[in-house]
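1. with the input below, show me the fold.
(4 chains)
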4 protein chains.
Amino acid sequence: MSEKIKETTPVKLPPHSVSSEIESGPLPSPLPPERRVGYAIVGLGKLSLGQILPAMAGCKYSKPVALVSGDEKKARKVALQYGIPETGIYNYYNFDDIKNNPEIEVVFIVLPNSMHEEFTIRAARAGKHVLCEKPMATTVAAAQRMIDVCKEGKRKLMIAYRIQYEPNSRLCKKWTREKTYGKVRIITSFHGQNMGDPDQWRLKKDLAGGGSLPDIGIYNLNTARFLLGEEPVGVLASTFSTPGDKRFREVEESVMFQLFFPGGAIANNTCSYSIHANRYYRCHADDGGFFGVDNGFTYGDLQLEVSHVKNNLEWSARPSLGPEKNQFALEIDYMSDCVLHDKTPYTPGEEGLQDQKIMEAIYESARTGKLVKLERITKLDAFRGEEPE
Amino acid sequence: MSEKIKETTPVKLPPHSVSSEIESGPLPSPLPPERRVGYAIVGLGKLSLGQILPAMAGCKYSKPVALVSGDEKKARKVALQYGIPETGIYNYYNFDDIKNNPEIEVVFIVLPNSMHEEFTIRAARAGKHVLCEKPMATTVAAAQRMIDVCKEGKRKLMIAYRIQYEPNSRLCKKWTREKTYGKVRIITSFHGQNMGDPDQWRLKKDLAGGGSLPDIGIYNLNTARFLLGEEPVGVLASTFSTPGDKRFREVEESVMFQLFFPGGAIANNTCSYSIHANRYYRCHADDGGFFGVDNGFTYGDLQLEVSHVKNNLEWSARPSLGPEKNQFALEIDYMSDCVLHDKTPYTPGEEGLQDQKIMEAIYESARTGKLVKLERITKLDAFRGEEPE
Amino acid sequence: MSEKIKETTPVKLPPHSVSSEIESGPLPSPLPPERRVGYAIVGLGKLSLGQILPAMAGCKYSKPVALVSGDEKKARKVALQYGIPETGIYNYYNFDDIKNNPEIEVVFIVLPNSMHEEFTIRAARAGKHVLCEKPMATTVAAAQRMIDVCKEGKRKLMIAYRIQYEPNSRLCKKWTREKTYGKVRIITSFHGQNMGDPDQWRLKKDLAGGGSLPDIGIYNLNTARFLLGEEPVGVLASTFSTPGDKRFREVEESVMFQLFFPGGAIANNTCSYSIHANRYYRCHADDGGFFGVDNGFTYGDLQLEVSHVKNNLEWSARPSLGPEKNQFALEIDYMSDCVLHDKTPYTPGEEGLQDQKIMEAIYESARTGKLVKLERITKLDAFRGEEPE
Amino acid sequence: MSEKIKETTPVKLPPHSVSSEIESGPLPSPLPPERRVGYAIVGLGKLSLGQILPAMAGCKYSKPVALVSGDEKKARKVALQYGIPETGIYNYYNFDDIKNNPEIEVVFIVLPNSMHEEFTIRAARAGKHVLCEKPMATTVAAAQRMIDVCKEGKRKLMIAYRIQYEPNSRLCKKWTREKTYGKVRIITSFHGQNMGDPDQWRLKKDLAGGGSLPDIGIYNLNTARFLLGEEPVGVLASTFSTPGDKRFREVEESVMFQLFFPGGAIANNTCSYSIHANRYYRCHADDGGFFGVDNGFTYGDLQLEVSHVKNNLEWSARPSLGPEKNQFALEIDYMSDCVLHDKTPYTPGEEGLQDQKIMEAIYESARTGKLVKLERITKLDAFRGEEPE
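-> Alright, predicted model coming up:
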């Protein structure tokens, strides 16, 4: 192959439309399959099978090379479907053997929350980088241990948040930071869904660590922090569980929590496990505009919303960024980018740890009925790594 | 005039469209002008001139017959514009002379909050019924005195809330009560605007009684109570004012407050005086749906929003009730209806007093950083009068 | 009354919000009732009772002073409701006596189409100005006679189109003329409703003059002409009526018609009398945008729509001009303005005549299955009078 | 591998949400890569590189195994990116050698329109099935030859329409056929975009065969036929090109065309090459509803729209089918399904031929300024193959 063929240089074509139309951007330019970063997916539940594995097909820098599951039959079936070799099938006992599989560069942990610590540590000790689902852990202490072990082994640890890699939310963050519509003074945020089977692990305290807060309220929390780049100095919260509802014997149903940021912004958040699915956030700015993302925390069908005053009209708009990109593919490819180019993930373990600390404060406020103060952190983006382009 | 002509019977016409189309309802049937209830408008500020007087032109049972203002020139100009006789012009000193004007049946008080008490009492003592702008008063004690004096004089006292008379919110209340989309478990509500002139009366503690809470946060509070028909048993709240902002030297800028209802519903509310105007509320139910009103608390351009699951699709709808009706006309005409047919207003003084009590609890929670408990009231619609049809 | 009190000068109040918010405009400043222009309403059908009379209550320069109806009982009932004196009640026989009633300055003709000519001529001969519902007439010849008689008697003749006085469409016209989003090259327009009773006058050829075209298709036609300010040089059209549908024995059900404008714009229009009510138009421009009005031809609940490219996003917006103004009140008040200040109406008889000519060409094209050419008119707004401010 | 592992049986998981929520459907169950149908992509322009090759990564039954291009360097670069072996690279001269490559089962032709015939015939003669971009050809005669040669060689021929495989349009077709909102009487349809470079092949008559009609107007035409399942019996059309616009020296700019269907439905369509991109269609039914797809003809970001009357409200809804599926992947996988299970494609050559015939009639009507009649076809879905499930 001639040196002139730079396989990562995108192919260019002349513009099809006049310049006042949307420019469609460079053509996709995936890395040759053999050079993509190999992943072991740990846990074959709904998220892995319904989202992560299908998303990997659309990745440009990543590929699945191994599966870890307690159900060998299921693992074999899925491996066949995605072209993963039989040698890439592991279970929770022989998991540590991944150290001998050079195809595996990253371990993606998609297990119940309380198992994140163990498998992160085992993966790092097997010499692999780790991409771990949120919430990172069920305690601050566990989260800290995960960070420590990865650091010790010089392994990258990224928490699998999606907001930071999703184009609509990235634009909202840009507008917040650049004060496009003035200073964002209030963020309101809502995340609800209606849980089914009372016996699922998400409703077990020892597996999930909590109820709606660590599973879905973490989006409200993490998004407010991301948008502003600041860390809250206080929280005021309450939790509510319907007496007698079997789903909420161990974990909380709903949480309302207020966050106070040092720059003067406040955030009012609601999450619930007992209502019709609905997710959105809005950034209320002071110079004639607000913006946010409807359906903002879900896997697809997101809708940017902007309302602002121009020419004495209120322009309520639903701007489109064009056909949606798969958020999981964006997130996973960014992890691969960090591996390929030795970068610190934008959402490293430290970012997850900070959410963990604030969630503990939220629970404390709810328990005591009082405002809880948090350490004042003055640095912007204090816990984030390198920002994706 | 022949007896056969019943002037209040609506005229009927054959249907124009097929039956699967919207039926446009009965034709308007206003009361003859000389039989409409006469109002004295007290205070000629923006609300009176921009909304109330123009709305009166579209009323079916009400008419303006007097103006009360400290600015005689303005009063004369406005009286001419609306066909009000010179004998219907009063000032704050000779206001009590209204007792001699039989044209005046109702006094509509549109003054700064702290003046509501005095003028309600003077109006009632002049033998007139009272329609008083919200918030009813600046203290619980004042609100109670207003009720007492009106009761003593057997005068009707209605607080000029609009939500209870506005068709979109009435439909949301119906859906909440009838559990159309299941039980409403969470109400989220937002009311923001961006105040201008720091010297306006709304930013003076002694005139307004508070900041964003009594002026606009009262909508969040009053609407949640109306939708559910219940009274909160606890509140958790915080207030925030940007240091150095001249507008918020005396009154609060923003309030976030959580309400806990005895039936298990919770409400999370935000109001602010420093952000781009935006108002909405959403009722989150548990049986596959949510609903609410976008732009819900403002004078017009309201939009009902419903999202629900049917045939495994998410139907995000913006149902239309047809061309908007003027909310002020609906509210004022209902007061006239009460006068004409001797009914207790749907939003009597007691309804305003209850908001006043809860607002005091909200301030207390914000001041102490703690949950404040409220008296448990078990009756539904405990403080409301007869419901409009 | 002191001279200093200029009753038509609007009252001014200090701004309530910061300058980045919508400015609410001057306060309403109606003319004193005794100085408003007096109208006789001819015909008490659905439009008069459901829209025009209620709208008059909100007029600033107009008032109803007489009713003309074949049903005396109905006329008396309605007169009472709207405060019209008994001396203002006429029937179709004694209609000419209006010449003796100085209160009547304008006659508003709201009768079946084929009666427009007779009553316009009788009104003009009685010395009154005329506001005549659309379509102006059922033939070109009749329309011309109406113009001639009014001109002879120096009476003003305005056709009661609403689009030209409605703020959303006025803004679309401004954007079209100013090329805000580039040159408008294509206008698409749709107007459908589903007729009920087969015996209503609108489905009788001799009363209505035609079917969906003169009743609702006229909006598509008139709006395209208004937006562009040009007159079509050709039309290509077809009509369709479902065989056996009793409603369409005499008049056409649906019409599709293409209009060709001299400046290079084309318009594609559809109207129908047999489908679920839906009305909209869109102006497709060539510089990254389109705009139009959803629900554009109806009485209320209109929605401006704009979609344009900015910052490589597609901004699909629904800009709001704030709470809706009553279109009938705007239209009627403009007629009064013309009477009060001796102006030529913006939509005079000549405007109606031109629609009549084009509708005849549309029918001819449909009948022959061929393109029909029209006289080339080069002047912009060739048939319009003075534009409202 | 044990027989018990049926690799195409989807994995099942317990429901996560209550039953009133959206059910997310079965988990993806792709065919093992080695069993997927292999494609040769002919032509590496914007559509192949920007849409088709990336979409193939998300296919469940299909994979790219060869590329055909006149630009070897580009072909090599792209082959590397998508893991296609060097032995799968062909040019237009050695294209017939594909007969020796058993990996290639289907040839996907993505060339300028006038080249479709040659490459379809060469592919079929090489023993391969053909998936050919729309429009199928530039003449009726060419289309017929393509069908004949494929039939002769017993090769499948599918035209690469997307509408028939896209879930929103499939639902609209279902509602049309089942009369969910009554009988669809009128379809309106719009497809516009704004062409850039006057030298691109789409603006050359000999390469494209025409202008906006065969490229984008074909969507309006093909969709109306698909929704109704009927074939038009007449067309009335006009074309327009701005004099002096360099882009339209050879091909037409805009086309407006009316279609008349035997069951009484009519369709009014507009396509243009000189306006801001906008695409939508609406089905106007007679029983209180209309529906359609906004952005309906484009690659993504489609939005179903339904408006209907219920409980005397107009429910304007934007129902969501959840995160979008890639239309190209759906279309290509259906071709593979036909190959794997020996089915006639839903959009076979005959479907493309019928569009070709109607487009010739449209041009004839525009040229003559007269209605053109078409053969009456009474069979429903006369030219379609087996419908996808």
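
2. identify the residues contacting the helix or strand where residue A:149 lies?
-> Using DSSP states H and E, residue A:149 maps to helix A:140-152. Applying Cβ atoms under 8 Å, 6 or more residues apart in numbering or on different chains, the contact partners of helix A:140-152 are A:116-117, A:120-121, A:124-125, A:130, A:132, A:136-137, A:156-157, A:348-350, A:352-353, A:356-357, A:360. Heads up, the C-betas are built off the backbone N, CA and C, glycines and all.

3. flag every buried residue along it.
-> A:140, A:142, A:143, A:144, A:145, A:146, A:147, A:149, A:150 (16 or more other Cβ atoms under 10 Å in any protein chain shown).

4. name the nearest residue to the one residue in the stretch 151-300 of chain A that gets nearest to chain C, sequence neighbours excluded.
-> Residue nearest to chain C within the stretch 151-300 of chain A: residue A:288 (3.5 Å; Cβ to the nearest Cβ). Here the nearest residue to residue A:288 in space, its sequence neighbours aside, is residue C:20; by Cβ to Cβ, 6 or more residues apart in numbering or on different chains that works out to 3.5 Å.

5. the one you found: neighbour count?
-> The number of residues packed near residue C:20 is 17, by other Cβ atoms under 10 Å in any protein chain shown.

6. for it, give its distance to residue A:174.
-> Residue C:20 is 20 Å from residue A:174, where distance means Cβ to Cβ, to the nearest Å.

7. same question for residue A:157.
-> 26 Å.

8. the two: which is more packed in?
-> residue A:157 (26 against 11).

9. quick one: contacts for residue A:207?
-> A:112, A:113, A:114, A:115, A:201.

10. contacts only, for the fourth one.
-> So that's residue A:115. Listed by Cβ under 8 Å, 6+ apart, the contact set of residue A:115 reads A:109, A:207.

11. partners of residue A:304 in the sheet?
-> Counting by DSSP bridges, residue A:304 is bridged to residue A:293.

12. am I right that it is in contact with residue A:319?
-> Yes - Residue A:304 lies in contact with residue A:319 (Cβ atoms under 8 Å); the separation is 5.0 Å.

13. joint contacts of those two?
-> What both residue A:304 and residue A:319 touch, as defined by Cβ under 8 Å, 6+ apart, is the set residue C:313.

14. ok now stretch A:327-341, how far from the chain's centre?
-> 12 Å (Cα atoms, centre = their mean, to the nearest Å).

15. do the same with stretch A:153-164
-> 9 Å.

16. quote the end-to-end distance of it.
-> End-to-end distance of stretch A:153-164: 26 Å, with Cα to Cα, to the nearest Å as the criterion.

17. quick one: buried residues of that stretch?
-> A:153, A:155, A:156, A:157, A:158, A:159, A:160, A:161, A:162, A:163, A:164.

18. how about these, which pair is most distant?
-> A:153 and A:163 (27.7 Å; Cβ to Cβ).

19. show me what from the stretch 51-200 of chain A comes close to chain D.
-> Residues of the stretch 51-200 of chain A lying close to chain D (Cβ under 8 Å from any Cβ of the partner chain) are A:53-54, A:57-58, A:73-74, A:76-78, A:80-83, A:193-197, A:200.

20. give me the buried entries from those residues.
-> A:53-54, A:57-58, A:74, A:76-78, A:80-83, A:193-196, A:200.

21. the spatially most central residue of chain A in helix, strand or coil?
-> Nearest to the geometric centre of chain A sits residue A:161, at 1.2 Å (Cα atoms, centre = their mean). Using DSSP: H, G, I helix; E, B strand; the rest coil, the structure places residue A:161 in coil.

22. kindly tell me how buried the closest residue to it other than its chain neighbours is, as a neighbour count.
-> Leaving aside its sequence neighbours, residue A:161 sits nearest to residue A:347 (Cβ to Cβ, 6+ apart; 4.7 Å). Neighbours of residue A:347 under the rule other Cβ under 10 Å: 29.

23. now residue A:349, what are its backbone angles?
-> Residue A:349 adopts backbone torsions of phi -50, psi -40, taken as degrees, to the nearest 10.

24. any idea how far it lies from residue B:61?
-> Distance from residue A:349 to residue B:61, by Cβ to Cβ: 68 Å.

25. what about these two, which has more around it?
-> residue A:349 (28 against 20).

26. what does chain A have sitting close to chain B?
-> When proximity is defined by Cβ under 8 Å from any Cβ, chain A lies next to chain B at A:181-182, A:185-186, A:188, A:190, A:192, A:194, A:236, A:238, A:240, A:242-243, A:254, A:256, A:258, A:260, A:264, A:266, A:268, A:270, A:272, A:274-276, A:278, A:282, A:284-290, A:307-309, A:369-371.

27. helices or strands up against the helix or strand that contains residue A:359?
-> Here residue A:359, judged by DSSP H and E, is contained in helix A:349-368. Counting contacts by 3 or more Cβ pairs under 8 Å, 6 or more residues apart in numbering or on different chains; DSSP states H and E, helix A:349-368 packs against helix A:140-152, strand A:157-159, helix A:218-228, strand A:234-240, strand A:254-260, strand A:372-373.

28. give me the average confidence score over the second one.
-> Think strand A:157-159. Strand A:157-159 shows a mean pLDDT of 98.

29. and that strand, what other elements does it pack with?
-> Using 3+ Cβ pairs under 8 Å, 6+ apart: strand A:157-159 touches strand A:129-132, helix A:140-152, helix A:327-341, helix A:349-368.

30. return the most buried member of these.
-> Compared across these, strand A:129-132 shows the largest average neighbour count, a mean of 28 (mean count of other Cβ atoms under 10 Å in any protein chain shown).

31. ok, residues contacting it?
-> A:39, A:105-109, A:116, A:120, A:123-124, A:146, A:150, A:155-160, A:332, A:335, A:338-339, A:349, A:352.

32. columns pLDDT on top of the buried residues of helix A:140-152, output as a markdown table?
-> Formatted as a markdown table, the buried residues of helix A:140-152 follow (pLDDT from 0 to 100):
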| residue | pLDDT |
| --- | --- |
| A:140 | 98 |
| A:142 | 98 |
| A:143 | 98 |
| A:144 | 98 |
| A:145 | 98 |
| A:146 | 98 |
| A:147 | 98 |
| A:149 | 98 |
| A:150 | 98 |
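
33. show me which of those is closest to chain B.
-> Of the buried residues of helix A:140-152, the one sitting nearest to chain B (Cβ to the nearest Cβ) turns out to be residue A:140, at 23.4 Å.

34. tell me the spacing between that closest one and residue A:383.
-> Relative to residue A:383, residue A:140 is positioned 13 Å away (Cβ to Cβ).

35. roughly how far does residue A:143 sit from chain C?
-> According to Cβ to the nearest Cβ, to the nearest Å, residue A:143 stands 37 Å off from chain C.

36. sorry, back to before: now do the shared contacts for residue A:140 and residue A:383.
-> Counting by Cβ under 8 Å, 6+ apart, the residues touching both residue A:140 and residue A:383 are residue A:353.

37. now, the residues of the stretch 51-200 of chain A next to chain D that are in helices?
-> Counting by DSSP state H, those place A:53, A:54, A:57, A:73, A:74, A:76, A:77, A:78, A:80, A:81 in helices.

38. quick one, what contacts the third one?
-> For residue A:57, the contacting residues are A:82, D:30, D:57, D:58, taking Cβ under 8 Å, 6+ apart as the criterion.

39. in a markdown table: those residues, plus pLDDT.
-> Shown next, in a markdown table, are those (pLDDT from 0 to 100):
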| residue | pLDDT |
| --- | --- |
| A:82 | 97 |
| D:30 | 97 |
| D:57 | 91 |
| D:58 | 91 |
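
40. and which of these is nearest to residue D:96?
-> Distances from residue D:96 to those, taken by Cβ to Cβ, are shortest for residue D:57, at 28.3 Å.

41. now the closest residue to residue A:156 other than its chain neighbours: how far from residue C:228?
-> Once flanking residues are discounted, residue A:156 sits nearest to residue A:129: 4.3 Å by Cβ to Cβ, 6+ apart. Between residue A:129 and residue C:228 the computed distance is 63 Å (Cβ to Cβ).

42. near chain D, anything from stretch A:306-316?
-> No - against chain D, stretch A:306-316 shows no contacts by Cβ under 8 Å from any Cβ, the least distance being 14.3 Å.
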